[in-house]
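Trainee: Make a model of this:
(one chain, ligands or ions: 2)
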Amino acid sequence: MSVLLQTSKCIFRKPFNNTFCKYVFLRKNSDVPKKFITFDEVVAQRRAEAMRSVVVQVNSDSSFNELYGYCSKYASIKDIHHYKNSGGEHFMVIEFASEDNLKDVLKSCSSHNKDHDVISVQSPFLWFRAAVGNKEKFAATGKKLAVKNGTEICNEDVLLEDILNCETVSDQIQLLYEKTTLNDLSIRLRYIVARQLEMIFNSLYTNVKIQPFGSSVNGFGRMGCDLDLVLMNSITEEMGAASRRLVFQEKRSARQLELAGALLELRVAGVARLTRILNARVPIVKYAHEYAGLHCDLCYNNSAAVHMSELLWQLGELCARARALAVLVRRWAAATGLTQPHPGRWLTNFPLTLMVLFFLQRTGLLPSLNRLVSEAGKEDIRIAEENVNCTFLRDLNKLPADSYEQNDDDLQTLLFKFFEFYSQFDFQEKAISINEGKPIRKPNSLPLYIVNPLEQSLNVSRNVSYEECERLRLEVRNAAWHLESCLDGKKSDDWGILGLIEKKSSRGLKKLLRVGNSHRLVSMKDLFSDNDNEPSVEGIRSKMQKFV
Ligand code: GTP
Ligand code: MG
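Mentor: Ligands and ions are numbered 1, 2, ... in the order given. Below you'll find the model as predicted:
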């Protein structure tokens, strides 16, 4: 017997034995068809939320009551969150009921007006100073909202322990996804950081828009991932109309990011450790945002990158299993060293995600991009800079149900098939193309060829060396073997995905600790504790034997 409990994304089926997967995802053609919303709607909602939000630094989480009471004097509060940055400082994110509410609050703010080095600037990042003078205290009145907590990354040891305790590999993958995916507060903060820049730039320019893209918004982001931002000149069709005969005389420059870098450095509170990488193919300014605890990359006029994020987000919406699988594959690649924190001749998360999507197309779970393009209407036409055509169907409700989710494989099966698929993939002759949804002939002899979905003449893995491609082939085979060895049902301490996501270097040590073997760990002090002035090799060996 199994019991079905329906949630928004999947059905939880209580297992009647240990090997059966708990998670059976709803198919489009099941009784309750999913209603899709568009990426633009999600972005509009997040932007609106950011436009009525502030981030207030407080002394401690106990300042909450007073801050709540103080802010309620000016405006009505809709939602409130608390987090700590890496320096242990406390922040409250307050969302007001309307943008006008926020304007009233900002009008009531003060600044360091006695400090000659400061010129006042409006920003959603504030601090709550201690009451002075009459020591007016504000107590929260009426119905108070509960504070929601946290942007902390889940503790790694606790996470691994929980994963070890899962009943099936599918449960492990789902748990990893749920515990590490970007949470609501983390997404809110990212849009507020974008909004902060937008406020500064709009005090200098007309109609500048700062838009987050990449894993912060494409549905494949993990807690702590970087924040990719693009500065865009957002001229509406109406403003660009030829019927408007008076046109501004404007300054043309290919160096817009230079000023952006200076503004960030000199005017934006929270910005630290800024570096400019201006001679790259896509020039960027990198910085840390200390209040939000984020690493940010800002580029200029790159709307194709936003549409790429939109495309990835849409494919994740069509098949929720894609997101869980991609999060696992990204973790596995980081643990094996296939991806690295810095750029080089190896894979990065973006092409890796395309590999996951391509595999899911091959299993009938996702449509090809060409299919989404063929279903597009006039309202879907988007042409990015340098004439890059980013047209594809935006309203997924219009997509015929038989073009995706035609497969009930659980996550465990899909993961195994993913590694098996790439163990057998002909990297030498074939390129990966999510446009076609099938392998195509490689146009050149680069070791790994993954077609850029929006600019098909480009290879998003052109940087990957022959050695790294060979390592990829080896690691996918190792991973497939590892998962196959888990099928016998016996649980070891690297059972299921643990053998894939723990760094090899730390695995041995963690294994020892996890299975209650910490007493077997020996410190060097213990080895030399008998006052041996010059211990012999034999002496050390015999002492080590005691501990093994
Ligand atoms: P993480 O930051 O590693 O979590 O993943 P990410 O998807 O955000 O990747 P990254 O920050 O490297 O890049 C941000 C976005 O830029 C990606 O999601 C893509 O949309 C786009 N992008 C990255 N690499 C390439 C590339 O080689 N070519 C093109 N056209 N776009 C890329
Ligand atoms: Mg990124």
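
Trainee: Tell me how many other residues crowd residue 396.
Mentor: 21 (other CB atoms under 10 Å). Any C-beta I mention is one placed from the backbone N, CA and C, and that applies to glycine too.

Trainee: can I assume it is in contact with residue 36?
Mentor: Yes. Between residue 396 and residue 36 a contact is recorded at 3.9 Å, counting by CB atoms under 8 Å.

Trainee: overlap in contacts of the two?
Mentor: Contact with both residue 396 and residue 36 is made by residues residue 317, according to CB atoms under 8 Å, 6 or more residues apart in numbering.

Trainee: The closest residue in space to residue 39 that isn't next to it in sequence: what's it in contact with?
Mentor: Leaving out its chain neighbours, the residue that sits closest to residue 39 by CB to CB, 6 or more residues apart in numbering is residue 310, at 4.2 Å. When contacts are counted by CB under 8 Å, 6+ apart, residue 310 is found next to 39-40, 218, 394.

Trainee: Which single one of these is nearest to ligand 1?
Mentor: residue 218 (5.7 Å; CB to the nearest ligand atom).

Trainee: tell me the SS of that closest one?
Mentor: Classification of residue 218 by DSSP: H, G, I helix; E, B strand; the rest coil places it in coil.

Trainee: isn't it right up against residue 312?
Mentor: Yes. At 4.0 Å, residue 218 and residue 312 qualify as touching, with contact defined as CB under 8 Å.

Trainee: Mutual contacts of those two, please.
Mentor: Common neighbours of residue 218 and residue 312 (CB under 8 Å, 6+ apart) are residue 353.

Trainee: Quick check: longest helix in this structure by residues?
Mentor: Scanning the chain for the helix with the most residues, using DSSP state H, yields helix 466-486.

Trainee: quick one: buried residues of it?
Mentor: Going by neighbour count (16 or more other CB atoms under 10 Å), the buried part of helix 466-486 is 468-469, 471-473, 475-476, 479-480, 482-483, 486.

Trainee: what sits up against it?
Mentor: 169, 332-333, 336, 338, 345-347, 412, 415-416, 419-420, 422-423, 427, 447-448, 464, 494-496, 499-500.

Trainee: Buried subset of the residues you listed as a ChimeraX selection?
Mentor: For the buried members of these, the matching ChimeraX selection, counting by 16+ other CB under 10 Å, is:
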select :169,332,333,336,338,346,347,412,415,416,419,420,422,423,427,447,448,464,494,495,496,499,500
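
Trainee: Enumerate the residues of the stretch 201-350 of the chain near ligand 1.
Mentor: Contact residues, the stretch 201-350 of the chain versus ligand 1 (CB under 6 Å from any ligand atom): 213-215, 218, 221, 225-226, 228, 305, 308-309, 348-350.

Trainee: Try it again at 5 Å.
Mentor: 214-215, 225-226, 228, 305, 308, 349-350 (CB under 5 Å from any ligand atom).

Trainee: what subset of the residues you listed is also close to ligand 2?
Mentor: 214-215, 226, 228 (CB under 5 Å from the ion).

Trainee: Find the closest residue to ligand 2 in the stretch 51-200 of the chain.
Mentor: The minimum distance from the stretch 51-200 of the chain to ligand 2, using CB to the ion, falls at residue 190 (10.8 Å).

Trainee: got the contact list for the residue in the stretch 301-450 of the chain positioned nearest to ligand 2?
Mentor: Closest residue of the stretch 301-450 of the chain to ligand 2, CB to the ion: residue 349 (7.2 Å). Going by CB under 8 Å, 6+ apart, residue 349 touches 215, 220, 330, 333, 339.

Trainee: Does the fourth one touch residue 340 like I think?
Mentor: No. No contact is recorded between residue 333 and residue 340 when judged using CB under 8 Å, the distance being 9.6 Å.

Trainee: Mind putting the residues of the stretch 201-350 of the chain next to ligand 1 into JSON lines with pLDDT, secondary structure and distance to residue 157?
Mentor: Shown next, in JSON lines, are these (pLDDT from 0 to 100; DSSP: H, G, I helix; E, B strand; the rest coil; distance: CB to CB, whole Å):
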{"residue": "214", "pLDDT": "98", "secondary structure": "helix", "distance to residue 157": "29"}
{"residue": "215", "pLDDT": "97", "secondary structure": "helix", "distance to residue 157": "24"}
{"residue": "225", "pLDDT": "95", "secondary structure": "coil", "distance to residue 157": "21"}
{"residue": "226", "pLDDT": "96", "secondary structure": "coil", "distance to residue 157": "24"}
{"residue": "228", "pLDDT": "98", "secondary structure": "strand", "distance to residue 157": "30"}
{"residue": "305", "pLDDT": "97", "secondary structure": "helix", "distance to residue 157": "36"}
{"residue": "308", "pLDDT": "98", "secondary structure": "helix", "distance to residue 157": "35"}
{"residue": "349", "pLDDT": "97", "secondary structure": "helix", "distance to residue 157": "24"}
{"residue": "350", "pLDDT": "97", "secondary structure": "helix", "distance to residue 157": "29"}
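
Trainee: Now that we have these, which of them are buried?
Mentor: By 16+ other CB under 10 Å, these give 214-215, 225, 228, 305, 308, 349-350 as buried.

Trainee: The closest residue to residue 276 other than its chain neighbours is in what secondary structure piece?
Mentor: Using CB to CB, 6+ apart and skipping residues adjacent in sequence, the residue nearest residue 276 is residue 261, 4.9 Å away. For residue 261, the element it lies in under DSSP states H and E is helix 256-267.

Trainee: Need the residues that contact that helix.
Mentor: Contacts of helix 256-267 (CB under 8 Å, 6+ apart): 121, 197, 200-201, 204, 231, 271, 274, 276, 278, 283-285, 287, 298-301.

Trainee: Just the ones of the residues you listed in strands?
Mentor: 231, 271, 274, 276, 284-285, 287, 298-300 (DSSP state E).

Trainee: By neighbour count, which of the residues you listed wins?
Mentor: residue 285 (25 neighbours).

Trainee: Make sure that one is actually in contact with residue 273.
Mentor: No. Using CB under 8 Å, residue 285 makes no contact with residue 273, being 11.3 Å away.

Trainee: Excluding residues flanking it in the chain, which one is nearest the residue in the chain positioned nearest to ligand 2?
Mentor: Closest contact between the chain and ligand 2, by CB to the ion, is at residue 214 (3.6 Å). Leaving aside its chain neighbours, residue 214 sits nearest to residue 228 (3.5 Å; criterion: CB to CB, 6+ apart).

Trainee: and if you look at residue 85?
Mentor: Excluding the flanking residues, the one nearest residue 85 by CB to CB, 6+ apart is residue 293, at 4.1 Å.

Trainee: Give me the pLDDT value at that neighbour.
Mentor: Note for residue 293: predicted pLDDT of 94.

Trainee: Looking at this structure, what residue ends up closest to ligand 1?
Mentor: Counting by CB to the nearest ligand atom, the chain gets nearest to ligand 1 through residue 214 (2.8 Å).

Trainee: mind listing what that residue touches?
Mentor: Contacts of residue 214 by CB under 8 Å, 6+ apart are 221, 225-228, 305, 309, 350.

Trainee: one more time with 10 Å, if that's ok
Mentor: Residue 214 makes contact with 220-221, 225-230, 297, 305-306, 308-309, 312, 349-350, according to CB atoms under 10 Å, 6 or more residues apart in numbering.

Trainee: Then residue 105?
Mentor: Listed by CB under 10 Å, 6+ apart, the contact set of residue 105 reads 52, 54, 56, 70-71, 73-75, 77, 94, 96, 124, 126.

Trainee: what about 6 Å?
Mentor: Under the criterion of CB atoms under 6 Å, 6 or more residues apart in numbering, the contact list for residue 105 reads 74-75.

Trainee: On the three-state scheme, it is what?
Mentor: Look at residue 105: counting by three-state DSSP, its state is helix.
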